[in-house]
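Peer 1: Sequence first, predicted coordinates after that:
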Amino acid sequence: MTNSPRVFVSSTIRDFRDLRSALKFWLEAQGCDVLMSEYNDFERPPSAGTFRSCFDAISTCDFFILLIGSKTGSWYDPDTQTSVTQAEYRHATKQKSGERPVVVPLIRDEALTALHERDAIEEELALIDAIDPLPSAYFDKPTFMRSFIREIGETRLADLDPNGGPQETLWRYSFTSFSDIVDALRVTLNIHRPLRRQALEENLRWEISENLSLLAENRPTGPYFASWWLRDVRSSVSITSLDVPDRMKTIQGEQARKCWEFLMAAPSAYRLRTRELLSLIQSGELLRYDPSSRRPVPTSMYKVAKTLLAEIERYDLIVGSFEERRSALLADFSEGAPRRSNPSGISVTIPAFDLVQMFLIHDRIDNIMALSSSLFRCISQQESDAVMPTLAPESPIEGQDEGLALATATQSDVERWIEKTDYGTALDSSE
């Protein structure tokens, strides 16, 4: 047994050989454990016969896929005219709820068309006893195939609805091409992404929840995130390049209290986890093949994930260098915060550089929250694209982001330079 979904594929083998091979390859690529009786990896206990081995295997599966075309296949019971695939189907549908695999009947369009044509002739001529023995250009045994397909449409699963409703019937899928089968199985098996990627994403979703819980305190109205304490101060106090590094900034009493709350709530460095985020990025699952360049390129989810990783790493760097000042600032802001004896509090004067550090931490928390939320929604809703949110600036100093953007070479600039330039030649010419 494995932790992967187990899928039993039932069909006649002669007319579905190539399709069965393709289906096994595709399902295994999605992370499923596929059971087909013609393959050497099919489990066959020495004490069990061929039919019993198949029935036992079906009982261990999560999904039972039935393919129906033009052929009847071998008889399981010639006396009752029961085919092997029909016996496997009945075994799958008759098990109790909780033990029964999800049954997915897939019928070729040509088979349904052939049946409809026979039904139309029967209705027109009212000769049901005469139509069944007639040969068919499509079915090898039209009477049996007609009966089997009707049985599938009329199947009532063994257990009643727990709420007292009617017994359930099966949803039948028709197919013309292999892509029709894949589309049906993506819905039924919930395989919108390969199982390996789903596992990586689920681990990341858990990690995101843990990280966001570190950034928030619980309130009756919901989580209250650390950066929200500083939001009013961040929006009302401006810092220019002239303020740093020598000038002082004055914080009023109520603002001092919010600064104190913020410093108390902001997690210390290296508490936010990135292991699952890094695993998903390094897995290659977030890259897609681009036919024009003939190479893998980043998806929007990859870009959001990489940006989140960079924001967490920067947060750790800033907070780590700020820890020594945190204790001193907590004492300063505590003195200025409003009290019963002084409801309006007193003004607190601190170096502008300290306020820059606090704003940097505030902005990193806001960005981490926005990026984490985008990834979390993308994973939970199984969307193909993640939305890059609007992020706080790199620097809280007014005008500095624009200067940094002009002075910093972009990734595209660097890639073009590398492709066109020999580094040794460029190094000689730069001297």
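Peer 2: Ah, there it is. Everything numeric here is computed off the predicted structure, so don't read it as measured data.

Peer 1: how about stretch 294-305: buried residues?
Peer 2: Residues of stretch 294-305 classed as buried: 299-302, 304-305 (neighbour count, 16 or more other C-beta atoms under 10 Å). (Glycine included, C-beta is placed from N, CA and C.)

Peer 1: To clarify, my last question referred to stretch 260-270.
Peer 2: 260-263, 265-267.

Peer 1: Please apply the same query to stretch 32-41.
Peer 2: 32-37.

Peer 1: First residue to last residue on it, what's the distance there?
Peer 2: End-to-end distance for stretch 32-41, by C-alpha to C-alpha, to the nearest Å: 14 Å.

Peer 1: Tell me the gap between that stretch and the middle of its chain.
Peer 2: Offset of stretch 32-41 from its chain centre (C-alpha atoms, centre = their mean, to the nearest Å): 27 Å.

Peer 1: Can you tell me which helix or strand of this protein has the lowest average pLDDT?
Peer 2: helix 128-131 (a mean of 55; mean pLDDT, DSSP states H and E).

Peer 1: who touches stretch 280-296?
Peer 2: 193-194, 196-197, 200-201, 203-204, 297-299, 301-302, 305-306, 309 (C-beta atoms under 8 Å, 6 or more residues apart in numbering).

Peer 1: one more time with 7 Å, if that's ok
Peer 2: The list of residues contacting stretch 280-296 from outside it, by C-beta atoms under 7 Å, 6 or more residues apart in numbering, reads 196-197, 200-201, 204, 297-299, 301-302, 305-306, 309.

Peer 1: Ok, stretch 219-233 next?
Peer 2: Here stretch 219-233 makes contact (C-beta under 7 Å, 6+ apart) with 215-217, 255, 258-259, 261-262, 265-266, 358, 362, 365-366, 369.

Peer 1: Now with 10 Å, please.
Peer 2: Residues outside stretch 219-233 that contact it (C-beta atoms under 10 Å, 6 or more residues apart in numbering) are 212-218, 234, 237, 251-252, 254-267, 355, 358-359, 361-369, 392.

Peer 1: ok, residue 385 - contacts?
Peer 2: Residues near residue 385 by C-beta under 10 Å, 6+ apart: 299-301, 304, 374, 378.

Peer 1: Next, it: secondary structure please.
Peer 2: Residue 385 falls in the coil class when you classify it by DSSP: H, G, I helix; E, B strand; the rest coil.

Peer 1: What are the boundaries of the strands in the stretch 301-431 of the chain?
Peer 2: Here the stretch 301-431 of the chain has its strands, by DSSP state E, counting those that start in this stretch, at 348-351.

Peer 1: shaky segments in this protein?
Peer 2: The chain contains residues with pLDDT under 70 at 1-2, 44-48, 97-98, 122-134, 157-168, 192, 338-344, 423-431.

Peer 1: Buried ones in the helix ranked longest in it, by neighbour count?
Peer 2: Ranked by residue count and defined by DSSP state H, the top helix of the chain is helix 300-336. For helix 300-336, a neighbour-count test (16+ other C-beta under 10 Å) marks 300-302, 304-305, 307-309, 311-312, 314-316, 318-319, 322, 325-326, 329, 332-334, 336 as buried.

Peer 1: From the contacts of stretch 219-233, which land in helices?
Peer 2: Those of those mapping onto helices are 212-214, 234, 254-265, 355, 358-359, 361-369, per DSSP H.

Peer 1: Other residues contacting stretch 178-191?
Peer 2: Residues outside stretch 178-191 that contact it (C-beta under 10 Å, 6+ apart) are 5, 7, 18-19, 22-23, 26-27, 29-32, 62-63, 65, 67, 102-106, 108-109, 171-175, 177, 192-193, 195, 198, 382.

Peer 1: switch the cut-off to 6 Å
Peer 2: With contacts defined as C-beta atoms under 6 Å, 6 or more residues apart in numbering, stretch 178-191 is touched by 22, 30, 104, 106, 173, 175, 192.

Peer 1: ok, so of those, who is nearest residue 75?
Peer 2: residue 106 (22.2 Å; C-beta to C-beta).

Peer 1: Next, that closest one: secondary structure please.
Peer 2: Residue 106 ends up strand, using three-state DSSP.

Peer 1: partners of it in the sheet?
Peer 2: Going by DSSP bridges, residue 106 is paired in beta bridges with residue 67, residue 173.

Peer 1: check contacts around it.
Peer 2: Residue 106 neighbours (C-beta under 6 Å, 6+ apart): 67, 173, 175, 181.
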